[in-house]
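**Student:** this one's sequence-less:
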């Protein structure tokens, strides 16, 4: 089965939008990993704690030394370090290492021109690799 990659463009607040996607991804029952730069990981961690007052999204910055718990979202800088190849949400501008080995990848693209350009470059890489691609607007 070919890799499925979904692009979500025009996200005014990419980290906030990522919280919505993470909640939906957890509902799928697949293991979820998030590739996020260290500078953004702290903010994403805070958002996941406060995103929905009635719902807890189990997550942690994963260092690779302790076992992953089923149903827990793992935040990493390097996707290749994740202990699974289920669902990967990418918040970076670069192609995550080992991205083509995952079952599904979600790419969140912000509105800044450099982020849009980087997203287009990743789209072409996935396309050349034979991934099934789709695109959604986060704006509406």
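**Tutor:** Sure, I can see it. Source: prediction; values computed, not measured.
**Student:** Please count neighbours and contacts with C-alpha atoms only from this point.
**Tutor:** Noted.
**Student:** roughly how far apart are the spatially most central residue of the chain and residue 5?
**Tutor:** Closest residue to the average C-alpha location of the chain: residue 89 at 1.2 Å, with CA atoms, centre = their mean. Going from residue 89 to residue 5 by CA to CA, to the nearest Å gives 10 Å.
**Student:** Return every residue with contacts to both of these two.
**Tutor:** Common neighbours of residue 89 and residue 5 are listed as 105-107 (criterion: CA atoms under 8 Å, 6 or more residues apart in numbering).
**Student:** Return the members of those residues classed as buried.
**Tutor:** Among these, those classed as buried by 16 or more other CA atoms under 10 Å are 105-107.
**Student:** Show me the beta-bridge partners of residue 74.
**Tutor:** Bridge pairing for residue 74 (DSSP bridges) gives the partners residue 33, residue 60.
**Student:** wait, isn't it in contact with residue 63?
**Tutor:** No. With contact defined as CA atoms under 8 Å, residue 74 does not count as touching residue 63 (9.1 Å).
**Student:** More neighbours: which of those two?
**Tutor:** residue 74 (23 against 13; other CA atoms under 10 Å).
**Student:** if we look at the helix or strand where residue 47 lies, which residues are touching it?
**Tutor:** Using DSSP states H and E, residue 47 sits within helix 38-50. When contacts are defined by CA under 8 Å, 6+ apart, helix 38-50 is touched by residues 15-16, 19, 56-57, 59-61, 75, 77.
**Student:** in that helix, what's buried?
**Tutor:** 41, 44-45, 47-48.
**Student:** In strands only, show me the shared contacts of residue 89 and residue 5.
**Tutor:** For the shared contacts of residue 89 and residue 5, the ones inside strands are 105-107, with DSSP state E as the criterion.
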